[in-house]
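> Sequence first, predicted coordinates after that:
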Amino acid sequence: MNFRFSKMPAILVTGGAGYVGSHTVVTLLEQEDIDEIVVVDNLCNSYRHDSDKKPVALRRIEEMTGRTLHFYPIDLSDQKALAKVFENHKIECVIHFAALKAVGESVDKPLEYYQANITGTCTLIEVMRKYNVHKLIYSSSCTVYGEPQRLPLDESHPTGQGISSPYGRTKYFCEEIMKDLCNSDQKWQIISLRYFNPVGAHPSGRIGEDPAGIPNNLMPFISQVAVGRLSELMVFGDDYPTVDGSGVRDYIHVQDLAVGHVKAMKLFQKDGFSGFRAVNLGTGTGYSVLQMISAFEAASGRKIPYKIVNRRAGDIAANYADVSLAQSLLGWSATKTVDDMCRDTWNWQSRNPQGYKC
Ligand code: NAD
Ligand code: WQD
């Protein structure tokens with residue numbers, strides 16, 4: 001009998017100290033039927049004070065919810081340490097966020113990305129199989145569609161062609177690996193959630209996106225300009241065939257995304273669900289860079305200085321999701337507007353100008 005660890009049904013969240021993971025943990029803790037959450041994170045893109053065992057994001061979640069989280073500071077490649085987590089807890093389902101995600105960096109360090117994202121996922125799956133855990137929700141990306149052949153992007157759009165980065169290919173390869181796995185054994189239930197562009201923050205302003213270094217993505221860049229950490233935004237191109245020439249994307253509030261994971265978990269309980277399913281999570285509507293700047297200025301009351309520069313290598317003109325499968329299969333659709341996304345991002349950024357390192 002193991003007295004140190006409870007044996008209540010638990011959900012393992014890899015990368016749960018990161019941006020999407022931390023918001024999903026909050027939403028999971030709000031569910032009455034979820035007993036225990038276990039987070040594994042190697043802290044490569046999340047922050048903890050030297051004096052504390054847990055990352056700041058998880059500490060704040062504990063304060064916000066009054067619940068305690070189990071945390072293991074381990075790397076996914078450490079199979080032994082991962083196995084110990086499955087020994088200690090009665091894991092029933094895994095939500096797998098942990099990955100490296102910087103598109104540009106992946107071009108310079110492809111091996112690191114293949115190791116972390118593909119080998120890491122295979123190691124996790126191997127340990128799951130050993131402990132007879134076959135329910136997995138995977139963080140995929142609209143990047144698996146490559147250059148869109150048609151819009152909106154539905155799940156039957158070809159994947160794997162024209163993906164412009166090693167990062168994007170890791171997401172595609174992991175999906176293919178998981179499909180093969182499901183074909184090999186009907187016990188597996190895997191849902192790959194293809195996120196469009198996650199933005200926003202928890203409305204409390206206690207957790208949010210805290211990129212290391214200069215942000216690669218639009219929304220954290222805009223919010224760091226607004227708060228005075230950066231002087232000016234570069235708009236990458238104004239000559240795309242879009243509403244105003246700037247790039248168009250399907251921005252999705254991170255809280256809506258978090259709810260999508262809970263809905264996906266419910267699908268596991270439905271009779272007859274087995275195998276691999278990929279589902280888009282987006283709003284179905286695209287906004288341009290210039291529209292996002294205006295929306296953020298309105299939400300923050302701050303002017304965002306910007307200048308138009310050349311297109312960024314590898315960028316596409318526009319993408320947005322067909323979200324009908326998420327509606328019909330998961331009973332999920334986005335509820336938050338672009339104004340909500342900008343307001344919550346600004347609330348987080350203005351309360352935490354230096355992110356979690358305050
Ligand atoms: P994030 O970097 O904020 O969170 C990832 C977390 O995983 C971090 O806390 C990091 O420390 C941890 N981690 C990374 N490698 C690890 C490893 N080998 N072992 C253990 N922990 C590790 O990223 P995010 O934005 O929250 O993204 C979460 C997932 O969603 C990723 O898989 C990402 O590819 C995917 N995704 C993100 C976006 C986006 O724009 N944020 C879009 C589509 C898909
Ligand atoms: C959005 C728009 C830029 C920054 C990336 C990944 C994708 C997925 C989501 C993980 C584009 C423009 C941006 C800036 C700008 N991540 N922009 N100035 O490129 O759609 O997708 O994040 O899976 O895989 O590629 O997101 O936020 O970088 O860009 O003008 O400083 O903003 O050109 O039109 P993207 P993004």
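On my side now, so go ahead. Ligands and ions are numbered 1, 2, ... in the order given.

> the strands in the stretch 101-250 of the chain, which residues?
Across the stretch 101-250 of the chain, reading from the start of the chain, the strands by DSSP state E, counting those that start in this stretch fall at 135-141, 189-195, 197-199, 233-236, 248-249.

> would you list the ones you listed in a markdown table and tack on mean neighbour count, mean pLDDT and distance to ligand 2?
Using the backbone N, CA and C atoms, a C-beta is placed for each residue, glycine as well. Putting the strands of the stretch 101-250 of the chain into a markdown table (neighbours: other CB atoms under 10 Å; pLDDT from 0 to 100; distance: least, CB to the nearest ligand atom, whole Å) gives the following:
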| stretch | mean neighbour count | mean pLDDT | distance to ligand 2 |
| --- | --- | --- | --- |
| strand 135-141 | 24 | 98 | 3 |
| strand 189-195 | 23 | 98 | 6 |
| strand 197-199 | 25 | 98 | 5 |
| strand 233-236 | 18 | 98 | 4 |
| strand 248-249 | 24 | 98 | 5 |
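
> Dump the ones you listed into JSON lines; add distance to residue 50 as well.
Listed next are the strands of the stretch 101-250 of the chain as JSON lines, based on distance: least, CB to CB, whole Å:
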{"stretch": "strand 135-141", "distance to residue 50": "29"}
{"stretch": "strand 189-195", "distance to residue 50": "32"}
{"stretch": "strand 197-199", "distance to residue 50": "29"}
{"stretch": "strand 233-236", "distance to residue 50": "33"}
{"stretch": "strand 248-249", "distance to residue 50": "37"}
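
> And those strands: which comes nearest residue 19?
In this view, these are compared for proximity to residue 19 by CB to CB, and strand 197-199 is the closest at 7.1 Å.

> Grab the nearest non-local neighbour of residue 27.
The shortest distance from residue 27 to any non-neighbouring residue, by CB to CB, 6 or more residues apart in numbering, is to residue 258 (3.9 Å).

> er, residue 47 I mean
Closest residue in space to residue 47, ignoring its immediate chain neighbours: residue 356 at 4.3 Å, by CB to CB, 6+ apart.

> In three-state terms, label that neighbour for me.
helix (DSSP: H, G, I helix; E, B strand; the rest coil).

> Near it, how many other residues are there?
Taking other CB atoms under 10 Å as the criterion, the count of residues near residue 356 is 18.

> Next: residue 63.
Count around residue 63 with other CB under 10 Å applied: 11.

> Run through the residues of the stretch 251-358 of the chain sitting next to ligand 1.
If contact is defined as CB under 6 Å from any ligand atom, none of the residues of the stretch 251-358 of the chain are in contact with ligand 1.
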